[in-house]
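A.B. asks: From the sequence below, what's the structure:
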Amino acid sequence: DLVPQRLSEAVLTAAHGQGESYTPYQTYADVLATLKAGYYGKDIDPTQMTYNGIRGMVGAAHDRYTTFMDPKTYKEMEEENLGQFVGIGAMLGTNKAQQVYVVKPLLGGPAIKAKVMAGDIIMKVDNKSTLKLKDADVVKLIRGPEDTRVTLTLLRKGVPHPVVITMTRATVHQEVVEHAMIDPVRKIGYIKLSVFNEESDVQVGAAIQDLEAKGMRGLVFDLRENPGGLLDIASELAFMVASPAAISGAVFERLQFN
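C.D. replies: Model prediction:
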């Protein structure tokens, strides 16, 4: 008898929202209070309930650039933007089949030392399947305390059986810039930037100085596979490279570092 009664109370509470004097905020507060007081199941976590409500509100904007991050997710983003984090050192993406794969292992990280390869599809993290998981969820599975071990089960092109690799998590210092003098005759330099974080301007500046010391007269600034990052750093770099640069076409896709 309790379940129908509680459902009826919830419906009546929500119905108050139809009145002009009853605001959406009051409706939200009443529904949350009703759930906390009478939900037939596990205890309601009001914080998570509120976060999910905000996610729904943001989702209603139908703008892929507008998102909500809870404190934990925001802290992880800040760590990535500092240019160092604890993980295996790999850039992840999602292919057309909705499989999470390794876009590339990062130089100096545990993944490249353990011979994880670009293109490897991540089937399991430890014993948990990644089927139907987003790349951000796989990152959370891979992340963990420094000096702890994680096992990846990988599907590798040309290899008939899954490849199983165990490695130790470590602090990864991102090298976000690759550079070279691609045309020594015409003195055309090349800089590839993988992300806009707190290290980007420093590393790009050092690359430009090195290329200028070699007589650079033109620059190709490559932003392919760059997922974006900090706006102020991107703005600063635009001014830094605008004068000598012949900037290549930028292709952006959503990637995750782990």
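
A.B. asks: hey, let's count contacts and neighbours off CA atoms from now on
C.D. replies: Will do.

A.B. asks: show me where the stretch 51-200 of the chain has strands.
C.D. replies: 84-87, 90-94, 100-105, 121-125, 128-129, 149-155, 163-168, 170-173, 177-183, 188-193 (DSSP state E, counting those that start in this stretch).

A.B. asks: Now do the shortest one, average pLDDT.
C.D. replies: Model confidence over strand 128-129, given as mean pLDDT, is 96.

A.B. asks: what sits up against it?
C.D. replies: residue 123 (CA atoms under 8 Å, 6 or more residues apart in numbering).

A.B. asks: Okay, now the sheet partners of it, with direction.
C.D. replies: Paired with strand 128-129 in the same sheet, following DSSP bridges, are strand 121-125 (antiparallel).

A.B. asks: Okay, angle between the partner strand and strand 90-94 too, please.
C.D. replies: 110 degrees (axes from the mean of the first three to the mean of the last three CA atoms, to 10 degrees).

A.B. asks: How far away from the center of its chain is strand 121-125?
C.D. replies: Offset of strand 121-125 from its chain centre (CA atoms, centre = their mean, to the nearest Å): 17 Å.

A.B. asks: one step back: residue 143 is nearest to which of the strands of the stretch 51-200 of the chain?
C.D. replies: strand 84-87 (5.1 Å; CA to CA).

A.B. asks: which strands and helices sit next to the closest one?
C.D. replies: Judged by 3 or more CA pairs under 8 Å, 6 or more residues apart in numbering; DSSP states H and E, the packing partners of strand 84-87 are strand 170-173.

A.B. asks: Report the mean confidence score over the strand it packs on.
C.D. replies: Rounded mean pLDDT across strand 170-173 is 88.

A.B. asks: any low-confidence regions in the stretch 101-250 of the chain?
C.D. replies: 242-250 (pLDDT under 70).

A.B. asks: just so I have it, where are all the helices in it?
C.D. replies: 110-113, 135-142, 200-213, 231-242 (DSSP state H, counting those that start in this stretch).

A.B. asks: how about those in a markdown table, adding distance to residue 46 and mean neighbour count?
C.D. replies: Listed next are these as a markdown table, based on distance: least, CA to CA, whole Å; neighbours: other CA atoms under 10 Å:
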| stretch | distance to residue 46 | mean neighbour count |
| --- | --- | --- |
| helix 110-113 | 39 | 20 |
| helix 135-142 | 23 | 19 |
| helix 200-213 | 39 | 17 |
| helix 231-242 | 33 | 14 |
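
A.B. asks: Minimum distance to residue 181: which of the ones you listed has it?
C.D. replies: Of all the helices of the stretch 101-250 of the chain, helix 200-213 comes closest under CA to CA, at 6.8 Å.

A.B. asks: other SSEs contacting that closest one?
C.D. replies: Checked by 3+ CA pairs under 8 Å, 6+ apart, helix 200-213 has strand 177-183, strand 188-193, helix 231-242 packed alongside it.

A.B. asks: Put together TSV for those, with distance to residue 161 on each row.
C.D. replies: Shown next, in TSV, are the helices and strands packed on helix 200-213 (distance: least, CA to CA, whole Å):
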stretch	distance to residue 161
strand 177-183	34
strand 188-193	34
helix 231-242	42
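
A.B. asks: Compare those and give me the one nearest residue 51.
C.D. replies: helix 231-242 (25.2 Å).
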